[in-house]
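In: Show me the folded form of this:
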Amino acid sequence: MKIVVLAGGRSTERNVSISSGYRLTNALREKGHDATFIDLFLGYDLHGAKPVTAFDDANTSKNLLISDAVLTDDDINALRGDGTTQLFGPNVLAICKEADIVFLGLHGGDGENGKVQAVLDLNNIKYTGSGATASGITMNKVYSKEIMLYHQIKTAAFVEITKDQGTTGHHLPFAYPVVLKPTSGGSSVGTHIVHDDAELQSGLVDVFRFDNSAIIEEFIQGREFSLGVVNGHAYPAIEIKVHDGWYDFEHKFQEGYTDFVTPPDDLDDAIHEEMKRVSIQTMNVLGMQNYGRVDFFTNADGVWVIEANNLPGMTPLSLLPQEAEAEGVAYGDLVEDIVNGKLKLYADGMNN
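Out: Numbering: from 1, shown residues only. Below is the predicted model:
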């Protein structure tokens, strides 16, 4: 099967996406597929004589160390070098059209928010993961939490503050500490645990570097879990135990900062089953398809959804591959399951 792995792009999670993309490409090739890695933003130089059907080798053997440096628009624009800034680089769509399916290894911003999915839909290009509408809803924490609350899925109370409202003079409906995040973002980029008004102000200044909207959530104390769902099947929950602090960007993507247990021996069976049920319900009410991941806190008051992820990371330290491995599903088999599951949705006319 001809498969394009689309990664990179313009988001603050560009480096995470590239790591996912390289690993996905290697796994698909090991499974016998004709796979190539393409950076969404940098594109692909066909050198004139090369036909768009050429699926040439990419350097997929890199053991990438994911930097915790946050890329800005200027940093990313400089990578292209020709002064252009459009999201789709040279020949990306032309090559994607020649593939049987595109595996979206994109994370964050323009990649998970439905814009890329909409362009692919308009060009009749098949791709993995959820469709444009569900992707946009899931990426926006305000929209997704409102839908979850409507469906009586427990999630932390929240308020939204937009950039035009400024960074001062805000009175919150709940006590400190609170969690401050960009409304549309991931990998904890721009996320802060805030303890007072001064920290809220400085945190909002940082958040508004990445987004025009911030979400402030009531702090939920509890054990932290994540649970992946692939083609309607919920994998075992993985507990996230940070050595110090909280599960920020560095803890997510650098070895030695966090322990992962899938599932922990002391996790109550009823709570585990509830997380599985709620993860599938959350994906369904958000309109997600094919695969995704739902993050949780658990405490004496039950199971609380933190957020859903419509294109979960597929790096060596990512959670979904660890959960699948705990159930005996190797990384390559997991990747093929995702591809085959989405192709079946297309065949059944159920892609959205």
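
In: Check Lys154 and give its pLDDT.
Out: You'll see Lys154 listed with a pLDDT of 97.

In: Correction: the previous question concerned Ile76.
Out: In this prediction Ile76 is given a pLDDT of 82.

In: Just the C-alpha atoms of whatever helix or strand Ile216 lives in, please, in PDB.
Out: Using DSSP states H and E, Ile216 sits in strand 213-218. Provided in PDB are the C-alpha atoms of strand 213-218 (Å, rounded to 0.1, in the frame of the first residue of the first chain):
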ATOM      1  CA  SER A 213      -8.000  32.500  23.800                       C
ATOM      2  CA  ALA A 214      -7.100  31.000  27.200                       C
ATOM      3  CA  ILE A 215      -9.000  28.400  29.300                       C
ATOM      4  CA  ILE A 216      -8.700  28.500  33.100                       C
ATOM      5  CA  GLU A 217      -9.800  25.300  34.800                       C
ATOM      6  CA  GLU A 218     -10.500  24.400  38.400                       C
END
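
In: Give me the contacts around it.
Out: 141-142, 145, 156-163, 172, 174, 178-184, 194, 200, 204, 207-208 (Cβ atoms under 8 Å, 6 or more residues apart in numbering). Bear in mind the C-beta positions are built from the backbone N, C-alpha and C, glycine included.

In: Sitting in strands, which of these do you find?
Out: 158-162, 178-182, 194 (DSSP state E).

In: re the thing from before, quick one, which of the contacts of strand 213-218 are buried?
Out: Buried members of those, scored by 16 or more other Cβ atoms under 10 Å, are 141-142, 145, 156, 158-159, 161, 172, 178-184, 194, 200, 204, 207-208.

In: who's in contact with the residue lying closest to His151 once chain neighbours are set aside?
Out: Spatial nearest neighbour of His151, excluding adjacent residues (Cβ to Cβ, 6 or more residues apart in numbering): Val285 at 4.7 Å. Counting by Cβ under 8 Å, 6+ apart, Val285 touches 147-148, 150-151, 153.

In: Quick check: ChimeraX command selecting the buried ones in those.
Out: Buried residues among the contacts of Val285 (16+ other Cβ under 10 Å), as a ChimeraX selection:
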select :147,148,153
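
In: Kindly present the contacts of Val285 as CSV, with separate columns for distance to Ile18 and secondary structure.
Out: Below are the contacts of Val285 laid out as CSV (distance: Cβ to Cβ, whole Å; DSSP: H, G, I helix; E, B strand; the rest coil):
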residue, distance to Ile18, secondary structure
Ile147, 31, helix
Met148, 31, helix
Tyr150, 37, helix
His151, 35, coil
Ile153, 33, coil
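
In: Need the contacts of Val285 in TSV (columns: distance to Glu98).
Out: As requested, the contacts of Val285 are arranged in TSV below (distance: Cβ to Cβ, whole Å):
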residue	distance to Glu98
Ile147	37
Met148	39
Tyr150	42
His151	40
Ile153	41
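
In: and which of the contacts of Val285 is nearest to Lys97?
Out: Ile147 (33.3 Å; Cβ to Cβ).

In: Need the per-residue pLDDT for the residue nearest to the closest one when sequence neighbours are not counted.
Out: Excluding the flanking residues, the one nearest Ile147 by Cβ to Cβ, 6+ apart is Val285, at 5.7 Å. Val285 is assigned a pLDDT of 98 by the prediction.

In: With that, I have no additional questions.
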